[in-house]
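Q: no FASTA, just this:
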């Protein structure tokens, strides 16, 4: 591709409030935690930032609150070079926030208050239609109303635009609304929420992907498996994409790093397999730092790491 890929992200923008603690308080108990970090997040925003850092031209379609976090979120997008023409403040609503609790081993627990994210409606897809039609890929998640997600999938199908859905947070899905979707990319728990099949290992992941593909019009399913890499599945075959060894500090945002980078690598013309392997590494590298967007690598750093990993094999 002679020009930079164009990625449009329709989704959430939050502020992450991350607390690091050795344990969690019992009901009625107050304890001291080790550390606190505040940063910009939200699955949509994270995926947009990952795509931008990987070298794409990125536009965001989102809603933020009429509070302190709203203008700061828009300014953060602008500083990163992300198009904010379709990021609007909503009066009377808070911005989305995500209190995140991280254990010493890097495992996280997340609560999401959707706030203004719930105000992103199908009419906003129509308002952004000109920009969306110019995209190489539209990326979606479940932190906005499902009616808006389904409408955007239908829009992408009608216009012949590649579309990626990250069904997070995991919930019941109207399978018929996913017909024609190019990529459904859940993690283990999200895949279980959609299919009813628990994903505890690679064989479970294969059965789960087969079930999703058989019950929907989705063309590809990629189940991200954390430290075990990912599974790429179609109706014809499935393949385990190997992980890369990294020193994990905080896994928050790793799935978003995978999706944002995968969208860019695909749009650059790479095969699904290579794009998936590169996204595995990009996601792994994101866990070596604290936070979400702040832990994402830019393309120069990533390419150096990729070259180094290939030399090892």
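A: That came through, no problem. Everything quoted here is computed from the prediction, not taken from an experiment.
Q: please tell me how far the residue most central in space within the chain sits from residue 42.
A: In the chain, the centroid-proximal residue (CA atoms, centre = their mean) is residue 256; its distance is 3.0 Å. Between residue 256 and residue 42 the distance, using CB to CB, to the nearest Å, works out to 9 Å. The way it works is simple: take the backbone N, C-alpha and C, and place the C-beta from them, glycine included.
Q: ranges for the strands of the stretch 101-250 of the chain?
A: 108-110, 137-141, 162-166, 183-184, 220-224, 230-233, 238-241 (DSSP state E, counting those that start in this stretch).
Q: now for residue 300, how many residues are close by?
A: 10 (other CB atoms under 10 Å).
Q: same deal with residue 239?
A: 14.
Q: next: residue 162.
A: Residues near residue 162, counting by other CB under 10 Å: 18.
Q: same check on the one 4 residues further on?
A: As a burial measure, the neighbour count of residue 166 was computed by other CB under 10 Å and equals 28.
Q: partner residues bridging it?
A: Listed beta-bridge partners, residue 166: residue 141 (assigned using DSSP bridges).
Q: returning to what we had before: apart from its chain neighbours, what residue comes closest to the residue nearest to the centre of the chain?
A: residue 46 (3.5 Å; CB to CB, 6 or more residues apart in numbering).
Q: surely residue 109 meets residue 99?
A: No: in terms of CB atoms under 8 Å, residue 109 does not count as a neighbour of residue 99; the distance is 9.1 Å.
Q: which among the strands of the stretch 101-250 of the chain is found nearest to residue 292?
A: strand 108-110 (10.2 Å; CB to CB).
Q: just checking, what packs against that closest one?
A: Counting contacts by 3 or more CB pairs under 8 Å, 6 or more residues apart in numbering; DSSP states H and E, strand 108-110 is packed against strand 96-102.
Q: now do the buried residues in the strand it packs on.
A: 96-98, 100-102 (16 or more other CB atoms under 10 Å).
Q: using a markdown table, lay out those together with distance to residue 54 and pLDDT.
A: Below are these laid out as a markdown table (distance: CB to CB, whole Å; pLDDT from 0 to 100):
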| residue | distance to residue 54 | pLDDT |
| --- | --- | --- |
| 96 | 24 | 96 |
| 97 | 26 | 91 |
| 98 | 23 | 84 |
| 100 | 23 | 84 |
| 101 | 29 | 88 |
| 102 | 25 | 85 |
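Q: ranges for the helices of the chain?
A: Ranges of helices in the chain, per DSSP state H, are 43-53, 69-79, 122-127, 129-133, 146-159, 188-195, 202-214, 254-267, 272-286, 299-312.
Q: the first one to strand 137-141, inter-axis angle?
A: Same thing as helix 43-53. In terms of direction (axes from the mean of the first three to the mean of the last three CA atoms, to 10 degrees), helix 43-53 departs from strand 137-141 by 150 degrees.
Q: any low-confidence regions in this protein?
A: In the predicted model, the chain carries pLDDT under 70 at residues 1-2, 310-313.
Q: tell me the contacts of the nearest residue to residue 279 once chain neighbours are set aside?
A: The shortest distance from residue 279 to any non-neighbouring residue, by CB to CB, 6+ apart, is to residue 262 (3.9 Å). Neighbouring residues of residue 262 by CB atoms under 8 Å, 6 or more residues apart in numbering: 164, 183, 185, 222, 275-276, 278-279.
Q: same question for residue 117.
A: 11-14, 42, 62-63, 96, 143-144.
Q: so which of the residues you listed wins on neighbours?
A: Most neighbours among those, by other CB under 10 Å: residue 13, with 34 neighbours.
Q: hmm, residue 86 and that one touching each other?
A: No: contact criterion CB under 8 Å: residue 13 and residue 86 do not qualify, at 11.5 Å.
Q: overlap in contacts of the two?
A: 60, 62.
Q: run a quick neighbour tally on the residue nearest to residue 286 when sequence neighbours are not counted.
A: Leaving aside its chain neighbours, residue 286 sits nearest to residue 257 (3.9 Å; criterion: CB to CB, 6+ apart). The local packing of residue 257 (other CB under 10 Å) involves 29 other residues.
Q: who's in contact with residue 257?
A: 46, 50, 279, 282-283, 285-286, 295-296.
Q: now residue 34
A: Neighbours of residue 34 in contact, by CB under 8 Å, 6+ apart: 20-22.
Q: any idea how far residue 108 is from it?
A: 14 Å.
Q: residue 29 too?
A: Applying CB to CB to residue 29 and residue 108 gives a distance of 21 Å.
Q: those two: which is more packed in?
A: More crowded of residue 29 and residue 108, by other CB under 10 Å: residue 108, with 16 against 7.
Q: these two touch, right, residue 153 and residue 176?
A: No: using CB under 8 Å, residue 153 makes no contact with residue 176, being 10.9 Å away.
Q: look at the two and report which has more neighbours.
A: residue 153 (22 against 10).
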